[in-house]
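[1] any chance you could fold what I've pasted below:
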Amino acid sequence: MTFRLLFTVFVLLVFPVTIASLGYQWQWHWFPLLDLDEVPALLAYGLTLTISKLGIALTLVSLSLLALLRWRRRSGQWVVFFFCLMGALGSAFVTKSIAKEYFKEPRPYVLWLAEKGRLTDSAHFYAQLPLIRERWVENGVKDMSDQQVPNWLKHHWQDEVSYSFPSGHSIAAMTIASFYCLLLLYRRRSAWLIGGVSVWAVAVCYSRLLLGLHWPADILASSVLGVFFGTLGAWAFIYWDDRELHNTKP
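    Below you'll find the predicted structure:
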């Protein structure tokens, strides 16, 4: 793995996300920006669902088949591949969980609902148990019209009552994208495929801003962390593959 590959992945994945932070510094507010009852907001929710339990499973299976297509066959290859990928995602998950409890950053939608008088202040809100937070969000949005907050977003907010920083969806998408992009770049696969994976991951990050779940700093930090863990996982698999190749040479 070369510096050029790492730089390419950084430009593809992290650089586009920095625009969100720059926009925020210029007083560009990402939420509420969309009309939440319109198609663009629903598309953003669809992107978020690609990191749901079912969505991420389908994403990983699809990308794994594409990444290992025409790869040199090795004994135990799929096992090593699985552990490298899961090691990267597991490290990202643990880091995300610890950071949320340390930084205790409230989510944008929580502050928005509090400003409208539909929730208590964020400090009191987050002092409650998660089940109580879910009930408070449910009660706070239940009489809001679908034009203000559609039902699918009401339910999504009720499921997302943890702290904001960092973004779990963003760090997962960036870990996945950097892992597969590095493998695809290493094997010199289609630029369209690499670009598609990169656009998907960046779009997932922006969907979290537009739906009121995260701040620009959340997705930027998550992108950096995700690329870090994804790079480690991809490096481990490439290192193993190269070692196996040298060991099989006469």
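
[2] residues contacting the spatially closest residue to residue 8 that is not a sequence neighbour?
    Nearest residue to residue 8, sequence neighbours excluded (C-beta to C-beta, 6 or more residues apart in numbering): residue 185, at 6.2 Å. Any C-beta I mention is one placed from the backbone N, CA and C, and that applies to glycine too. Shown in contact with residue 185 (C-beta atoms under 8 Å, 6 or more residues apart in numbering): 5, 8-9, 194.

[3] can you rerun that using 7 Å?
    Going by C-beta atoms under 7 Å, 6 or more residues apart in numbering, residue 185 touches 5, 8, 194.

[4] how about those residues in CSV, adding neighbour count, pLDDT and secondary structure?
    Converted to CSV, these look like this (neighbours: other C-beta atoms under 10 Å; pLDDT from 0 to 100; DSSP: H, G, I helix; E, B strand; the rest coil):
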residue, neighbour count, pLDDT, secondary structure
5, 18, 86, helix
8, 16, 90, helix
194, 21, 93, helix
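
[5] so which of the residues you listed comes closest to residue 112?
    Comparing the contacts of residue 185 against residue 112 with C-beta to C-beta places residue 194 closest, at 36.5 Å.

[6] so what's that closest one up against?
    So residue 194 contacts 181, 184-185 (C-beta under 7 Å, 6+ apart).

[7] output the below-cut-off pLDDT ranges for the chain.
    For the chain, the stretches flagged by pLDDT under 70 are 1, 23-27, 245, 247-250.

[8] list the buried ones in the lengthiest helix in it?
    The residue-count maximum for a helix in the chain (DSSP state H) belongs to helix 216-248. For helix 216-248, the neighbour count (16 or more other C-beta atoms under 10 Å) marks 216-238, 240-241 as buried.

[9] cool, and stretch 14-31?
    By neighbour count on 16+ other C-beta under 10 Å, the buried set for stretch 14-31 is 14, 16-17, 20-21, 24, 30-31.

[10] check the burial of residue 203 by counting its neighbours.
    Residue 203 has 17 neighbouring residues, counting by other C-beta atoms under 10 Å.

[11] my error: substitute residue 128 in the last question.
    14.

[12] with adjacent residues omitted, what lies nearest to it?
    Nearest non-adjacent residue to residue 128 (C-beta to C-beta, 6+ apart): residue 136, at 7.1 Å.

[13] that neighbour contacts residue 122, correct?
    No. Contact criterion C-beta atoms under 7 Å: residue 136 and residue 122 do not qualify, at 11.4 Å.

[14] ok, back up a step: show me the buried residues of stretch 14-31 that map onto strands.
    Among the buried residues of stretch 14-31, none falls in strands (DSSP state E).

[15] got the residues you listed as CSV, with distance to residue 89 columns?
    Compiled in CSV, those are given as follows (distance: C-beta to C-beta, whole Å):
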residue, distance to residue 89
14, 18
16, 22
17, 19
20, 23
21, 25
24, 28
30, 26
31, 27
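
[16] narrow those residues to those in helices?
    Among those, DSSP H puts 14, 16-17, 20-21, 24 in helices.
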